[in-house]
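Chemist: here are the coordinates; sequence isn't available:
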């Protein structure tokens, strides 16, 4: 979460909506910057967000809010002002030797950024993970301060719902002059310094990170990592010690690059995205079937609509991937997530389309995302490859005309045949298809695909200053494999799988064809979600099935033996049992 004023923060918490259908309900909550975690002890999903907002659900559809309390030496329900002043951990090991850890007061550090500071409203974007070695729930919390005087601290609890107690800082930013670095763990990491190293005596915002927005994860080898950062000098990564949950003081980083082009720093670790004060925050990494996927949200978090403030709005999730947890991360066009110089990367005036656009602001879609409730400024997401065999994208969204109100949404996510993530075009309402089913089963029979569809393309460079959204057009997926209507092209399904290719004009979009529930109803319909080789997403859902028996209009000579299915397609040998047309009459095969 980028620096914003308290005024905007107070506008965020408005009444959430709910949806009731015959077979499911959707009870929404407002949790800004939702980070999702699964608790196997009670089979419950939890989301933790900024300003102490949190919620839980057993089905990812019906959420109930709660607040996790803070713990100190004298209280199990401590005030914010007392919770982050005295760390419980006073010593750590480096090279096998026990050394003192500075008694870091996170609130006092943040207050160096300006007069009148209060921690209320500055507890941002926590990430919670269960540490197997510690057998503790670990909360990594951003304590934000102005002028980059921010820190990410570790709190632990025996129960996921708390109380959480402050353990120690993990990484600290803002020591850009004087001797302030003496109050951090900088010297513990890089050795005793007579003065602040000159590389830190700089304009912080173009070189080094604002230490907020953590995401902590285990890689496939069991190593523990933290990715973090917001705008400023980019997104960075550190190895953590699984025995303490803090940074691993035995892992060293060799300075690489110079000036604002530093990509590896002995204290901050390795830069994996952004830099030079390009927009980008809320990093989240999840391993899914062969790749580590990095999500970063570009743009300003507000709803937009202010022609005089370009940074007001334009929030949009972008996706990169890597075979290794610490990168390099690249998009579908093989462009690095790390910027070599400043480039405007969001909105109508953007001069780069870096990062796959999984989706952006859209409206007039289905029964709910319409009018004032069109979605916009979606982002600061988390994603979970869940124990149930499905992958879920969890994010907050603002709306077309609901001021700064925001709510949590959950969409199922799949991999297309090229291994890129595509998001289901509607909210998750209990659909049963699993991630592994896409490559091994055909969820929508070929005979049910032809029909009329609403289709939209999630383009880059939306004009958020005028609250632009993408809206659908009507097309027909014809039985002969062509696309007609507002767009022309072709479509094809890989028989026996759920992989579909939709060609619009000269561009191929690769995705999956599944059934989706049209919210507020129990009606399901064929729908597709695809992505082009340049990272543009395409969605579609069927509004009308093709007529049962279509006329055969081919110009070739028809023989008596020719057999057609109910969509007018010639078949030499019917692959499945059913009704077919031969010599102008129905036959059963």
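Modeler: Arrived safely, thanks for sending. Predicted model only: the values in this text are computed from it and were never measured.
Chemist: C-alpha from now on. contacts and neighbour counts both.
Modeler: Fine.
Chemist: all helices for the stretch 351-500 of the chain, in order.
Modeler: 437-440 (DSSP state H, counting those that start in this stretch).
Chemist: which SS state does residue 199 fall under?
Modeler: helix (DSSP: H, G, I helix; E, B strand; the rest coil).
Chemist: Next one, pLDDT for it please.
Modeler: Looking at residue 199, its pLDDT reads 97.
Chemist: is it true that it touches residue 260?
Modeler: No. Assessed by CA atoms under 8 Å, residue 199 is found out of contact with residue 260, at 9.1 Å.
Chemist: Between these two, tell me which one has more neighbours.
Modeler: Legend: neighbour count by other CA atoms under 10 Å for residue 199 and residue 260, higher for residue 260 (20 against 16).
Chemist: show me what contacts the residue lying closest to that one once chain neighbours are set aside?
Modeler: Nearest non-adjacent residue to residue 260, counting by CA to CA, 6 or more residues apart in numbering: residue 207, 4.5 Å away. Contacts of residue 207 were listed using CA atoms under 8 Å, 6 or more residues apart in numbering, and they are 232-234, 259-262, 275-277.
Chemist: Neighbour-wise, which one of these leads?
Modeler: Neighbour max across the contacts of residue 207 (other CA under 10 Å) = residue 275, 33 neighbours.
Chemist: Kindly reformat the contacts of residue 207 as a markdown table containing pLDDT, distance to residue 515 and secondary structure.
Modeler: Formatted as a markdown table, the contacts of residue 207 follow (pLDDT from 0 to 100; distance: CA to CA, whole Å; DSSP: H, G, I helix; E, B strand; the rest coil):
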| residue | pLDDT | distance to residue 515 | secondary structure |
| --- | --- | --- | --- |
| 232 | 96 | 42 | coil |
| 233 | 97 | 42 | coil |
| 234 | 98 | 39 | coil |
| 259 | 97 | 52 | helix |
| 260 | 97 | 48 | helix |
| 261 | 98 | 47 | helix |
| 262 | 98 | 47 | coil |
| 275 | 98 | 40 | coil |
| 276 | 98 | 43 | coil |
| 277 | 97 | 42 | coil |
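Chemist: Out of the residues you listed, which is nearest to residue 246?
Modeler: Distance to residue 246, by CA to CA, is smallest for residue 234 among these, at 21.1 Å.
Chemist: pretty sure that closest one contacts residue 268?
Modeler: No. Taking CA under 8 Å as the contact criterion, residue 234 and residue 268 are not neighbours in contact, 10.9 Å apart.
Chemist: isn't residue 488 right next to residue 507, touching?
Modeler: No. Assessed by CA under 8 Å, residue 488 is found out of contact with residue 507, at 10.8 Å.
Chemist: More neighbours: which of these two?
Modeler: Neighbours per residue, other CA under 10 Å: of residue 488 and residue 507, the larger number sits with residue 488, 15 against 12.
Chemist: What's the per-residue pLDDT of the more buried one here?
Modeler: The model reports residue 488 with a pLDDT of 98.
Chemist: show me what contacts it?
Modeler: Neighbouring residues of residue 488 by CA under 8 Å, 6+ apart: 482, 504-505.
Chemist: Check residue 298 too.
Modeler: Applying CA under 8 Å, 6+ apart, the residues near residue 298 are 279-281, 314-318, 345-346.
Chemist: Pick out whichever of those sits closest to residue 188.
Modeler: Closest to residue 188 out of the contacts of residue 298 is residue 281 (27.5 Å), distances taken as CA to CA.
Chemist: what pairs with that closest one across the strands?
Modeler: With DSSP bridges applied, residue 281 shows beta-bridge pairing to residue 297.
Chemist: how close does it get to residue 82?
Modeler: Residue 281 sits 28 Å away from residue 82, going by CA to CA, to the nearest Å.
Chemist: neighbour count winner among the two?
Modeler: A count of neighbours by other CA under 10 Å puts residue 281 above the other of residue 281 and residue 82, at 32 against 15.
Chemist: Check the more buried one and give its pLDDT.
Modeler: Reported pLDDT for residue 281: 98.
Chemist: Assess the claim that it and residue 235 are in contact.
Modeler: Yes. Taking contacts as CA under 8 Å, residue 281 lies within contact range of residue 235: 7.3 Å.
Chemist: Overlap in contacts, those two.
Modeler: residue 229.
Chemist: rewinding a little: would you reformat the contacts of residue 207 as a markdown table and include distance to residue 523?
Modeler: Formatted as a markdown table, the contacts of residue 207 follow (distance: CA to CA, whole Å):
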| residue | distance to residue 523 |
| --- | --- |
| 232 | 46 |
| 233 | 47 |
| 234 | 44 |
| 259 | 57 |
| 260 | 54 |
| 261 | 53 |
| 262 | 53 |
| 275 | 46 |
| 276 | 48 |
| 277 | 46 |
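Chemist: and the residue nearest the centre of the chain, how far is that from residue 236?
Modeler: In the chain, the C-alpha nearest the mean C-alpha coordinate belongs to residue 381, at 3.4 Å (CA atoms, centre = their mean). Taking CA to CA as the measure, residue 381 falls 17 Å from residue 236.
Chemist: cool, and residue 394?
Modeler: Taking CA to CA, one finds residue 394 at 22 Å from residue 236.
Chemist: These two: which is more packed in?
Modeler: Set residue 394 next to residue 236 and count neighbours by other CA under 10 Å: residue 236 wins out with 28 against 23.
Chemist: where along the stretch 101-250 of the chain do the helices fall?
Modeler: Secondary structure of the stretch 101-250 of the chain by DSSP H, counting those that start in this stretch: the helices cover 106-111, 186-190, 204-207.
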